[in-house]
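[1] structural data only, the sequence is not supplied:
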């Protein structure tokens, strides 16, 4: 199912930030890497693709509650394939963690601004 125009704008608004975070080493992709970052209490933001399985999300949230790591969770409108394509990857990616407060806050702000307009 294609994204709505509003949802697409929200995703495009954070797309550039995700690329910068990736190039600077503050974007971590995949379940195991994100879970490890959560366990170390270094994750600041978790982004989930729209088609991530409920079981996977539940397991990741369990890891966060066990580690008592307070972080922000955002479910994107982009699918795993769309998220991978936006990051220049061929393999689908359903989970992204950001470990930098500046990038995390910028993504949250832009996401909320575009989602609410």
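    Good, I have the coordinates. Since we're looking at a predicted model, the values are computed, not measured. Numbering: from 1, shown residues only.

[2] spatially central residue for this protein, please.
    A centroid search over the chain (Cα atoms, centre = their mean) returns residue 47, at 1.8 Å, as the residue closest to the centre.

[3] how far away is that one from residue 78?
    The spacing between residue 47 and residue 78, counted by Cβ to Cβ, to the nearest Å, is 9 Å. Just so you know, the C-beta spots here come from the backbone N, C-alpha and C atoms, and that holds for glycine as well.

[4] same deal with residue 112?
    Applying Cβ to Cβ to residue 112 and residue 78 gives a distance of 16 Å.

[5] who has more neighbours out of the two?
    residue 78 (25 against 13; other Cβ atoms under 10 Å).

[6] okay, residue 5: pLDDT?
    Predicted confidence (pLDDT) for residue 5: 55.

[7] just the one 10 residues further on next, same as before
    According to the predicted model, the pLDDT of residue 15 comes to 84.

[8] same thing with the one 10 residues further on?
    In the predicted model, residue 25 carries a pLDDT score of 95.

[9] helix, strand or coil for it?
    When classified by DSSP: H, G, I helix; E, B strand; the rest coil, residue 25 comes out as coil.

[10] burial count for it?
    As a burial measure, residue 25 scores 9 neighbours (other Cβ under 10 Å).

[11] neighbours around residue 40, how many?
    When neighbours are defined as other Cβ under 10 Å, residue 40 has 11 of them.

[12] typo on my end, it should be residue 99
    For residue 99, the count of nearby residues is 19 (other Cβ under 10 Å).

[13] show me what contacts it?
    By Cβ atoms under 8 Å, 6 or more residues apart in numbering, residue 99 lies in contact with 26, 28, 37, 42, 43, 44.

[14] contacting residues around the first one?
    Shown here is residue 26, whose contacts under the criterion Cβ under 8 Å, 6+ apart are 98, 99, 100, 103.
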